[in-house]
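Student: What follows is a predicted structure for the sequence shown.
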Amino acid sequence: MSVNDAQASELAIFLAQTWQSSPTDRIDLDTLCRIWAFDLGWFNMQTATRVRDNLIETGWLDVTTEGAKPVVLLNEVEIPFGWLPTMRYLESPTKAPRKAIPEIDPVQDIPQIKEEKIEVAAIDPAASHITELLDQISETSGLLRKEVMRRAQRKRLALGPVTLWMALLLVAREQQLSMASLIRTISP
C-alpha cells in the first residue's frame, strides 16, 4: 500500500467515524468542529477548525449552505477498534479522489411510484365518549371536571403517548372508582 493509499484510507476512516450515525447527512461546519473537539475528544477547537479547513481545501468535504458531507462512500469503511486520527495526515491531506460518490440524475434515477390502496386507520371508538367519561368521573369522584381533566393531562405528560380516555381512566382508578361502569361508557 502506497503512502497516498494509506493516507486516503486513514482519512476515509476519520470521516466514517465522524459520520458514523448518518453517513449521508450534512453537518454544520461549527458542529463538525465541536464533534471532533468535544464529542470525540480528538483535538481542541483551534486544531479542529484547521483540520476542517484542510479537508475542505483538499476536496474531502463537500460544503454547501446546509453544511458539509464527505465526498467518499463511507458505508464500506471499517473503523478499527480504538482507532485514533493521525495528525500528520490531517495537517496536509492528499487531494480527495475525484468523483468518489456517483452523481445521481434526479429525473432519471428516481423509481416510478406505484399507486397503492392506502388503508385508513380505524378511528378510536372510545375517543367519541370522552365528554361522557369526564362527566361520569367528575360526578362519581366529587372532583370538578376541570380538576379531572388537569390530572388526566398531567398523566399524559408523565406517560408520553397515552390517549386522553386512558389517562381519564387512570385518574378514575386513582380515585378508586368502579372501572366496570367506566369501561361500559367507552365501549361501542
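Tutor: Received the coordinates, thanks. Numbers count the residues shown, from 1 in each chain.
Student: can you give me the helices for the protein?
Tutor: 3-18, 29-34, 45-57, 87-91, 130-141, 145-159, 164-174, 179-186 (DSSP state H).
Student: Looking at those, which is nearest to Glu66?
Tutor: helix 29-34 (10.4 Å; Cβ to Cβ). Bear in mind the C-beta positions are built from the backbone N, C-alpha and C, glycine included.
Student: Okay, Asp5 and Pro70: tell me how far apart.
Tutor: 17 Å (Cβ to Cβ, to the nearest Å).
Student: Which one of these two is surrounded by more residues?
Tutor: Under the neighbour definition other Cβ atoms under 10 Å, Asp5 and Pro70 were set side by side, and Pro70 has more, 24 against 10.
Student: Leaving out chain neighbours, which residue sits closest to the more buried one?
Tutor: In space, and not counting its chain neighbours, Pro70 is closest to Leu15: 4.2 Å by Cβ to Cβ, 6 or more residues apart in numbering.
Student: Likewise for Gly59?
Tutor: Closest to Gly59 by Cβ to Cβ, 6+ apart is Ala96, at 3.8 Å.
Student: Show the backbone phi and psi for that neighbour.
Tutor: phi -70, psi 150 (degrees, to the nearest 10).
Student: so what are the domain limits for the protein?
Tutor: 3-91, 125-186 (automatic domain parsing).
Student: Switch these over to JSON lines; also include mean pLDDT.
Tutor: As requested, those are exported to JSON lines (pLDDT from 0 to 100):
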{"stretch": "domain 3-91", "mean pLDDT": "84"}
{"stretch": "domain 125-186", "mean pLDDT": "88"}
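Student: about what we covered before: mind listing what the residue nearest to Pro70 touches?
Tutor: 55, 60, 70, 72, 74, 77 (Cβ atoms under 8 Å, 6 or more residues apart in numbering).
Student: State the distance from it to Trp60.
Tutor: Taking Cβ to Cβ, one finds Leu15 at 7 Å from Trp60.
Student: Could you tell me which residues touch both of the two?
Tutor: Joint contacts of Leu15 and Trp60 (Cβ under 8 Å, 6+ apart) are 70, 72.
Student: So Ser141 sits against Val148, correct?
Tutor: Yes - contact criterion Cβ atoms under 8 Å: Ser141 and Val148 qualify, at 7.0 Å.
Student: okay, Ala100: pLDDT?
Tutor: At Ala100, the model reports a pLDDT of 47.
Student: What about the residue nearest to Gly59, how many residues nearby?
Tutor: That count, for Ala96 with other Cβ under 10 Å as the rule, works out to 20.
Student: hang on, isn't it packed against Trp60?
Tutor: Yes - taking contacts as Cβ under 8 Å, Ala96 lies within contact range of Trp60: 4.4 Å.
Student: which neighbours do those two share?
Tutor: With Cβ under 8 Å, 6+ apart as the test, Ala96 and Trp60 both reach 11, 71-72.
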